[in-house]
Every structure is written in structure tokens, then in C-alpha cells.
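Engineer: return a 3D structure for these sequence lines:
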Amino acid sequence: MRIGVFGGTFDPPHVGHLILAAECSYQLNLARLLWVLTPDPPHKKDQSITSFNHRIAMIQAAIEDNPLFELSRVDVDRPGPHYAVDTLRLLAKIYPDAELVYLVGGDSLHDLPTWYQPAELVAQVSALGVMRRPGDAVDMKALDASLPGLGAKVRVVSAPLLDISSRQIRARVASGQPYRYYLPPAVYALIQETGLYR
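Structural biologist: Residues are numbered from 1 along each chain as shown. All right, here's what the predicted structure looks like:
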């Protein structure tokens with residue numbers, strides 16, 4: 001069984017996330033896709049992040065009508081810091097017979113050698129599903145030299161390149177610009193109801 005691991009802050013989860021999740025599920029032949037919410041990402045210590053209870057509610061609203069998608073609490077229910085390699089170790093214990101496929105953007109793939117214990121992360125997964133983004137530049141030869149075996153595990157997922165980000169949506173909400181159609185309807189409704197990002 002191939003399980004996709006889609007980690008992020010999802011602040012908020014938007015249509016770009018859903019399109020990428022759906023394309024990864026289809027192209028990588030995943031039996032299920034775990035949305036792994038990172039409560040306090042180590043690389044975003046200087047940023048204000050919405051409470052994880054609000055973010056959990058938004059993820060659940062975004063994915064509730066897709067039986068392939070599932071919210072994983074693997075990082076929510078343990079103390080930080082939350083490094084991807086530790087998350088994968090825990091998921092390997094929870095799903096001992098599964099092939100774990102870790103999903104990253106092209107920008108994250110480029111930065112992978114700077115992550116916490118990157119070689120161990122590569123060893124933990126059967127594949128890395130790479131979702132390319134507009135303008136990302138990845139030198140696979142250099143990456144493979146830095147992390148031997150990485151290239152053999154990379155599976156590039158082709159999907160529409162939507163230049164949408166959670167940061168952009170938060171800014172739109174705060175400044176009163178239109179943002180409704182950047183989001184799944186249930187997430188839009190939650191943001192309206194709770195007054196998030198204003």
C-alpha cells in the first residue's frame with residue numbers, strides 16, 4: 001500500500017493544495033493521502049501562524065468529501081520541534097507495511113540538503129513526489145551528489161502550475177481583496193464565520 005504524506009502549515013489550505021494532492025494521488029498510485037499539519041514549523045519561527053485548532057478545522061473542511069484524503073494528527077499530538085524525518089519515522093511505525101511517499105514542492109526539494117537529517121529522510125521513504133512550482137530551479141545532479149540515492153527516489157508530478165499561496169490569500173483577506181475562489185467553499189465559509197486573517 002502506497003501512502004502519500006503531504007505536510008505543511010496549511011494556513012489556509014487552498015485549491016492549489018487540493019489540485020496537487022489529487023494529482024499526486026492519481027499519478028503516484030496512492031491508496032491514501034495523509035495531510036500532516038505542522039503545528040510549529042521550525043523554519044517559520046519568525047512568522048505569525050494561525051492556531052492549529054483553526055488550521056485542523058480548515059483541513060477537515062477542505063478534505064471531508066474525498067475518501068482518499070485523511071487528516072493525520074501525527075505531529076499535532078506530540079511536542080515539537082516537528083522535523084519531517086521524525087514524522088516519517090512515526091508514520092513508518094503506524095503503517096509498517098506501507099510504502100511512504102513524501103510530497104514536496106520543487107523549492108523544498110532544492111533546499112532538502114539543509115533540512116534536519118536529510119539522508120535519513122531519503123532513506124525513510126520509498127519515493128519523493130515532487131510538485132514543481134513556477135520558477136523553481138532544481139539541479140538534480142548537484143542534489144544527488146549531496147544526497148546519494150535521492151535522484152532514484154524522485155517522482156515528478158505534473159500538475160497545473162497555479163501561482164497561489166497561503167500567504168497571498170491571508171494578505172487578500174486582510175486587505176479586503178477578493179479571495180473566495182482561491183479556496184474550497186467550506187474553507188471560505190469557515191474563514192468568513194471565524195473572521196480569520198482580518
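Engineer: where along this structure do the helices fall?
Structural biologist: Assignment of helices within the chain using DSSP state H yields the ranges 15-27, 52-63, 84-94, 106-111, 118-124, 140-146, 150-153, 166-175, 185-194.
Engineer: closest to Val36 out of the ones you listed?
Structural biologist: Ranking the helices of the chain by distance to Val36, with CB to CB as the measure, places helix 84-94 first at 6.0 Å. Bear in mind the C-beta positions are built from the backbone N, C-alpha and C, glycine included.
Engineer: what are the buried residues along that closest one?
Structural biologist: Within helix 84-94, the residues that qualify as buried by neighbour count (16 or more other CB atoms under 10 Å) are 84-88, 91.
Engineer: how far away is Val187 from Pro113?
Structural biologist: With distances taken as CB to CB, to the nearest Å, Val187 is found 34 Å from Pro113.
Engineer: settle it for me: which of these two has more neighbours?
Structural biologist: When Val187 is set against Pro113 and neighbours are counted by other CB atoms under 10 Å, the residue ahead is Val187, at 26 against 14.
Engineer: which residues touch that one?
Structural biologist: For Val187, the contacting residues are 12-14, 58, 61-62, taking CB atoms under 8 Å, 6 or more residues apart in numbering as the criterion.
Engineer: where in this protein is pLDDT low?
Structural biologist: Counting by pLDDT under 70, the ranges of the chain that qualify are 41-47, 133-136.
Engineer: kindly recompute the last result at 90.
Structural biologist: By pLDDT under 90, the weakly predicted segments of the chain are 20, 38-52, 76-82, 104-111, 131-140, 158-165.
Engineer: hmm, back to that, for the contacts of Val187, work out which two are farthest apart.
Structural biologist: It's His14 and Ala61 that sit farthest apart of those, by CB to CB, at 12.0 Å.
Engineer: which residues do the two both contact?
Structural biologist: Between them, His14 and Ala61 share these contacting residues under CB under 8 Å, 6+ apart: 184, 187.
Engineer: tell me which of these two has more neighbours.
Structural biologist: A direct count of neighbours by other CB under 10 Å for His14 and Ala61 places His14 higher, at 24 against 20.
Engineer: measure the more buried one to Ser126 for me?
Structural biologist: 28 Å.
Engineer: quick one on the thing from earlier: what's the closest of the helices of the chain to Arg132?
Structural biologist: Go through the helices of the chain one by one with CB to CB and the one that ends up closest to Arg132 is helix 106-111, at 4.4 Å.
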